[in-house]
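In: Have a look at this prediction, sequence included:
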Amino acid sequence: MARVPATALHRIRRASGTFARRYRSLRPHPAAELVPQPHPWLRALGMVTVVILGGWLGLLIVGDVRVPVGPMNTTMTLRPSLTGGTKINVSPLGALELNSHKAPVRLDVNVDQLDPVRAQALVDHPERISGLQREITQDVEHGTLDLAARSCVAVVSGATALGLAVYRRPRRAVAAGGLALTLLAASGATAYATWNPKSVLEPKFSGLLSSAPSLVGNARSIVTEFDVYQKELARLVTNVAKLYDVTSTLPAYQPDPTTIRVLHVSDIHLNPASWKIIASLVRQYDVNVIVDSGDTMDHGSAAENGFLDPVANLGAPYVWVRGNHDSRTTQRYLEHIGNVRVLDDGRAITVAGLRFAGIGDPQFTPDRSVAPGGERAEELAGARLASSLRDQRAAGTPVDIAVAHEPTAARQTDGEVPLVLAGHLHHEDMEVMKYGTRLRLEGSTGGSGLRAVEGSYPAPIEASILYLDRGTRRLQAWDEIRLGGLGRTTAEVTRHLPEENQPGASPAPGAGPPTGPARTRATPSPSTP
């Protein structure tokens, strides 16, 4: 048998030892095998969290642009948001919120100051105002492009930097930056796809209530003038410039002479602060008539009647229906106040050029002096009101607005009147019912009275201004007014338009019964619930 030389055997042993050492170095340590590896979904979630947080920090640090827009200096910023939209901050007056787009980013526009040189140039050369729209549009376009580029850099840089700090690997940091850019591009595409240039038709204004009517505009100009976004933007900037130019008083609201302004209040529930708020709204909006859909009192006792005395000095006629917290004693007391018109049993009256009819709530719940009839009692009351409305139309004196306290009763008038007002539920709502009648529910103008302190947050004080065309007596627009409840000082005004008054929509019918299919309904016969 041949013998292996000693030198060769030594080389083989040395190579085997080297291989064994390298193999052992490649094997994981036994302790490392006990450490569980994160699930791929958890790693992906961690990456997304780093990207979002890093992008947000980047936007906070460098993601804003200072842009001159017309005569004003503004700051544009993109902010993460669950709802999207645009918020225009007009310090110190408040803010305008526009539902301009649906995307996880919101555009904030801060009006920093009015440039005195550019503003004076407009005053000295009013002919330049005709070109203000084009100038503003160009300013906004340039500012938006600059903001988009800067935001991309800010988001990618922030996500990359945070990815490097968290993972300490350049490849992971670059992946975070790429994912951030992808998310931002997707957000931009979503915003572009959902862009709503008509959103300025229904703005929400928060801040000083006295300036809201001037900034929002009146019903007629909303319907006829605000048909394209560029015109809206030019008008908004012009109005803001006027507001900044005033030193002693805010501009007065100029009511449209072709509209009738109805202030709808409800469910005051013995809150004395409501009278001052109502009087202020009557002055600010030059209200023609106030409609109270009931529950002015809490218990309907004679001892509460003195609470009603300020109604005589509100500055407008007061149309009222009885709620389930208002007694017959309350109703008789109001009937002797000069400017009050009580609606009951479907009787029709004409006030401020509008024809009203209503019915008091058949149930008086505070002291159970009337056996509660539940929903059936409300349906019967609504049926009596609907029958009266049909009789009025047959006689050639159709009713423009019906009023009931409880929505169940109000719904019985569907198809018999263009607009019916109600309350009771302590929250605002508006809907067009099956046969074309528009039902308006008002919130509590008394902030739910003493019930305001029952919940975690105080109930808001709510009222509405309804704009009706003086010729057709049809609803043109309405403003929802919402004031902070007990101990709060916030104010919001939100403009709404019926669909038929949106730009490009078919015009609303000028007269006659509400649009919709013809309605045939038998009047229920009274029965004991």
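Out: Perfect, I can see it now.
In: For V156, give me its contacts.
Out: G55, G58, G177, A180, L181, L184 (C-beta atoms under 8 Å, 6 or more residues apart in numbering). Glycine gets a C-beta too; all of them are placed from N, C-alpha and C.
In: Please identify the buried residues of the one helix or strand it maps to?
Out: If you go by DSSP states H and E, V156 is part of helix 132-167. Neighbour counts using 16 or more other C-beta atoms under 10 Å place 132-133, 135-137, 139-140, 143, 147, 150-152, 154-164, 166-167 of helix 132-167 among the buried residues.
In: same deal with stretch 96-112?
Out: Those buried within stretch 96-112 under the rule 16+ other C-beta under 10 Å are 96-101, 103-111.
In: circling back: average pLDDT across the helix holding V156?
Out: Mean pLDDT, helix 132-167: 79.
In: Beyond that helix, next helix or strand please.
Out: Next element after helix 132-167 (DSSP H and E): helix 170-193.
In: average pLDDT across the following helix or strand past that following helix?
Out: For helix 170-193, the following helix or strand on the C-terminal side (DSSP H and E) is strand 204-207. On average, the pLDDT along strand 204-207 is 70.
In: Now do the domain split for this structure, please.
Out: Domain assignment for the chain by automatic domain parsing gives 42-195, 259-501.
In: closest to F205 out of these?
Out: Proximity to F205 (C-beta to C-beta) singles out domain 259-501 among those, at 4.6 Å.
In: From the opening residue of stretch 307-318 to its closing one, how far?
Out: 15 Å (C-alpha to C-alpha, to the nearest Å).
In: where along the stretch 1-150 of the chain do the helices fall?
Out: Along the stretch 1-150 of the chain, the segments classed as helices by DSSP state H, counting those that start in this stretch run 6-26, 30-33, 40-62, 116-124, 132-167.
In: For L82, give its distance to V340.
Out: 47 Å (C-beta to C-beta, to the nearest Å).
In: er, T194 I mean
Out: For T194, the distance to V340 - C-beta to C-beta - is 48 Å.
In: more crowded one of those two?
Out: V340 (20 against 13; other C-beta atoms under 10 Å).
In: quick one, what contacts the more buried one?
Out: V311, A312, P317, Y318, V319, W320, L334.
In: Contact partners for the last one?
Out: The one in question is L334. Contacts of L334 by C-beta under 8 Å, 6+ apart are L308, V311, W320, V340, V342.
In: Need the residues that contact stretch 100-108.
Out: Contacts for stretch 100-108 (C-beta under 8 Å, 6+ apart): 76-87, 89, 187-188, 190-192, 194-197, 199-200.
In: Flag the shaky bits of the stretch 301-450 of the chain, pLDDT-wise.
Out: 367-373, 450 (pLDDT under 70).
In: Now intersect the contacts of V340 with the strands, please.
Out: Counting by DSSP state E, the part of the contacts of V340 found in strands is Y318, V319, W320.
In: picking that back up, of the buried residues of stretch 96-112, closest to A302?
Out: E97 (45.9 Å).
In: give me the number of residues near the residue nearest to that closest one when sequence neighbours are not counted?
Out: Spatially, and ignoring its direct neighbours in sequence, E97 is nearest to K204 (4.4 Å; C-beta to C-beta, 6 or more residues apart in numbering). Residue neighbour count, defined by other C-beta under 10 Å, stands at 19 for K204.
In: Report the contact partners of K204.
Out: L96, E97, E492, V493, T494, R495.
In: Apply 10 Å and report the result again.
Out: 85, 87, 95-99, 212, 216, 480, 482, 492-495 (C-beta atoms under 10 Å, 6 or more residues apart in numbering).
In: So which of those is surrounded by the most neighbours?
Out: A212 leads the contacts of K204 on contacts (other C-beta under 10 Å) with 27 neighbours.
In: Surely N110 touches T77?
Out: Yes: with contact defined as C-beta atoms under 10 Å, N110 and T77 form a contacting pair (7.4 Å).
In: where does the stretch 151-300 of the chain have low pLDDT?
Out: 200-201, 207-255.
In: run the last query once more with 90
Out: Residues of the stretch 151-300 of the chain meeting the criterion pLDDT under 90: 151-258, 270-274, 276-277, 280, 283-285, 298-300.
In: Need the residues touching each of N110 and T77.
Out: With C-beta under 10 Å, 6+ apart as the test, N110 and T77 both reach D64, K87.
In: T258: neighbouring residues, count only.
Out: T258 - counted by other C-beta under 10 Å - has 14 other residues nearby.
In: again, but for the one 10 residues further on
Out: Number of residues near I268 (other C-beta under 10 Å) recorded here: 30.
In: dump the residue contacts of the spatially closest residue to it that is not a sequence neighbour.
Out: Of all residues not flanking I268 in the chain, G446 sits nearest, at 3.8 Å (C-beta to C-beta, 6+ apart). G446 makes contact with 265-275, 277, 295-296, 298, 426, 452, 459, 461-462, according to C-beta under 10 Å, 6+ apart.
In: so of the residues you listed, which ones are in strands?
Out: Those of the contacts of G446 lying in strands (DSSP E): V265, I461, E462.
In: Report the separation between the residue nearest to E97 and M76.
Out: 20 Å.
In: do S100 as well
Out: 13 Å.
In: on that earlier part again, which of the domains of the chain sits most buried?
Out: Ranked by mean neighbour count, these are led by domain 259-501 with a mean of 20 (mean count of other C-beta atoms under 10 Å).
In: wait, which of the buried residues of stretch 96-112 is closest to V420?
Out: Checking the buried residues of stretch 96-112 one by one against V420 (C-beta to C-beta), the nearest turns out to be N99, at 27.4 Å.
In: Now the closest one, what are its backbone angles?
Out: Here is the backbone geometry of N99 (degrees, to the nearest 10): phi -80, psi 70.
In: Let me know whether it touches R495 as I believe.
Out: No: look at N99 against R495 with C-beta under 10 Å: they stay out of range, at 11.7 Å.
In: show me where the stretch 251-400 of the chain has strands.
Out: Per DSSP state E, counting those that start in this stretch, the stretch 251-400 of the chain carries strands over the ranges 259-265, 289-292, 318-320, 340-342, 348-351, 354-359.
In: Q392 is nearest to which of these?
Out: Comparing these under C-beta to C-beta, the one sitting nearest is strand 348-351, at 5.3 Å.
In: Please list the outside residues in contact with the closest one.
Out: Contacts for strand 348-351 (C-beta under 10 Å, 6+ apart): 260, 262, 288-291, 316-319, 339, 341-343, 355-358, 388-389, 391-392, 395, 397-402.
In: Tell me where the stretch 401-529 of the chain has helices.
Out: Using DSSP H, counting those that start in this stretch, helices in the stretch 401-529 of the chain cover 407-411.
In: Save the strands of the stretch 251-400 of the chain as TSV, and put in distance to L421 too.
Out: Shown next, in TSV, are the strands of the stretch 251-400 of the chain (distance: least, C-beta to C-beta, whole Å):
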stretch	distance to L421
strand 259-265	6
strand 289-292	6
strand 318-320	9
strand 340-342	14
strand 348-351	13
strand 354-359	8
